[in-house]
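> got a structure for you, letters missing:
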DNA sequence: GTTTGTGAAACGATTCACAGCT
DNA sequence: AGCTGTGAATCGTTTCACAAAC
């Protein structure tokens, strides 16, 4: 399959949100212009993004809201549910576990892990924290799709390697450390320090 | 000042981390190649990124570790401390408040807000949660640099507008909603749902 | 000999503009 | 007439490659 840019995929996710909004508003069709306005992009961009996957609209009319939504869910792989494991039950890890939005959108946390005996056994939204020593066994038993890494930076690479060995094919990394994973494993990083420093740079530039 | 790409700024932040590592390792100089290897990029990229701001290296030798670190901190605006307000004291908001990494890197949370009476008055790492009704007054009194939005999506735009009116020039938005802010206000978005959906897309594509 | 700094080339993403369908 | 789908043009970023400095 043709390589799709990350920026395109992110916009598709946004279009799907807007389609759901248009659907609850009772709109049957929507133009690329209308989607663009809501998403802060251009109509040409919307059409180009969609054209990578097929032609879903009717000239003169626009796109059928409900049907395009279904197609986007298929394209994004959101017609199924995903099984997540969260490694690290600190502040951020436990906040994620209790965030309802994930479950709502099809992402179920099936297990949590920590290496701190104090935290092992705690329940977050019905999921018990297990000892990280059990990680490999649980990966084998539960066959999760996605691993979420929320451990200190110096432990992140080791956790990533255990997840990969356990068959996980997608990793969301919150640790402030660059991870090496095989080509067939997808990796997304969320680095709060980097975001704040980008804001710091912008503030410093403004001030001249 | 010449427009610097966001991707460049993010790499500069990473280089700074690596320089700090090299410094504790006792390295006096470092080559663009060495920085590139640690950061998963190329030596040409490192040199190009740095060249936007000056020429910091010596041909045949590399870059002086300590000095380049100082220069990068200046460029990124990290030679000073920043004052943050966090709006929303839910799971993610309170996790952020308790995350020591921010303070360590120069970002001090000076106030937190919530509209839930249950949460008002709680202390997170020494910072009390105040009623969001007090937001405008506190902005005036505290003159914070950065606002962090951690409220539900439908309240995010209103909070952003109050922050902007209160003089905040940089916003970090965790709410899953696109925000409109004036051109002179910097905005970074962290959208966990979008990251998970990008992983979902990658998994779906892999499977064909 | 080594490594920087930087124009030029290559690549990738966005925007333009219009032919073609409804 | 209205709006999509898309090749061509533009714009921005990364990579190449080499002269200059040490």
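Happy to help now that I have it. This structure is a prediction, so every number in the text was calculated from the model and none was measured. Numbering: from 1, shown residues only, chains lettered A, B, ... in the order given.
> Who are the packing partners of the worst-scoring helix or strand of chain A on mean pLDDT?
In chain A, no helix or strand scores lower on mean pLDDT, DSSP states H and E than helix A:100-104, which sits at a mean of 89. Contacts defined by 3 or more Cβ pairs under 8 Å, 6 or more residues apart in numbering or on different chains; DSSP states H and E place helix A:100-104 against strand A:107-114, helix B:192-206. C-betas here are computed from N, CA, C, even on glycine.
> For DNA strand C, find the nearest of these.
Closest to DNA strand C of the helices and strands packed on helix A:100-104 is helix B:192-206 (Cβ to the nearest atom of the strand; 13.3 Å).
> Point out where chain A drops to low pLDDT.
A:1, A:208 (pLDDT under 70).
> returning to that earlier point: including mean neighbour count, could the helices and strands packed on helix A:100-104 go into TSV?
Formatted as TSV, those follow (neighbours: other Cβ atoms under 10 Å in any protein chain shown):
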stretch	mean neighbour count
strand A:107-114	22
helix B:192-206	21
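> Is it possible to get a markdown table of these that adds distance to DNA strand D?
A markdown table is the format used below for the helices and strands packed on helix A:100-104 (distance: least, Cβ to the nearest atom of the strand, whole Å):
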| stretch | distance to DNA strand D |
| --- | --- |
| strand A:107-114 | 29 |
| helix B:192-206 | 18 |
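> In JSON lines: those, plus distance to residue A:70.
Shown next, in JSON lines, are these (distance: least, Cβ to Cβ, whole Å):
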{"stretch": "strand A:107-114", "distance to residue A:70": "19"}
{"stretch": "helix B:192-206", "distance to residue A:70": "14"}
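> Among the ones you listed, single out whichever gets nearest to residue A:200.
Nearest to residue A:200 among the helices and strands packed on helix A:100-104 is helix B:192-206; the distance by Cβ to Cβ comes to 22.4 Å.
> quick check, that closest one touching DNA strand C?
No: Helix B:192-206 does not reach DNA strand C (Cβ under 7 Å from any atom of the strand); its nearest approach is 13.3 Å.
> Need the nearest residue in space to residue A:71, chain neighbours excluded.
Leaving aside its sequence neighbours, residue A:71 sits nearest to residue A:56 (Cβ to Cβ, 6 or more residues apart in numbering or on different chains; 5.8 Å).
> Is that neighbour in a helix, a strand, or coil?
coil (DSSP: H, G, I helix; E, B strand; the rest coil).
> tally of neighbours for residue A:5?
10 (other Cβ atoms under 10 Å in any protein chain shown).
> Could you tell me the angle between the host helix or strand of residue A:20 and helix B:192-206?
Residue A:20 belongs to helix A:6-24 when assigned by DSSP states H and E. Between the axis of helix A:6-24 and that of helix B:192-206 there is an angle of 110 degrees, by axes from the mean of the first three to the mean of the last three Cα atoms, to 10 degrees.
> Can you report phi and psi for the residue nearest to residue A:75 when sequence neighbours are not counted?
Spatial nearest neighbour of residue A:75, chain neighbours left out: residue A:53 (5.4 Å); criterion: Cβ to Cβ, 6+ apart. Note on residue A:53: backbone dihedrals following degrees, to the nearest 10 are phi -110, psi -10.
> Then residue A:115?
The phi/psi pair for residue A:115 (degrees, to the nearest 10) is phi -100, psi 0.
> In contact with it, which residues?
Contact analysis of residue A:115 by Cβ atoms under 8 Å, 6 or more residues apart in numbering or on different chains lists A:131, A:132, A:133.
> List, one by one, the residues from chain A near DNA strand C.
So far as Cβ under 7 Å from any atom of the strand goes, chain A lies against DNA strand C at A:5, A:7-8, A:41-42, A:44-45, A:47-48, A:58-61.
> from those residues, which is closest to residue B:19?
residue A:7 (29.2 Å).
> Excluding chain neighbours, give the residue nearest to residue A:101 in space.
That would be residue B:193: by Cβ to Cβ, 6+ apart, it lies 6.1 Å from residue A:101.
> I'd guessed that neighbour sits against residue A:104; true?
No: if you go by Cβ atoms under 8 Å, residue B:193 and residue A:104 don't touch, sitting 9.1 Å apart.
> Got the phi and psi for residue A:27?
Residue torsions, per degrees, to the nearest 10, at residue A:27 are phi -70, psi 130.
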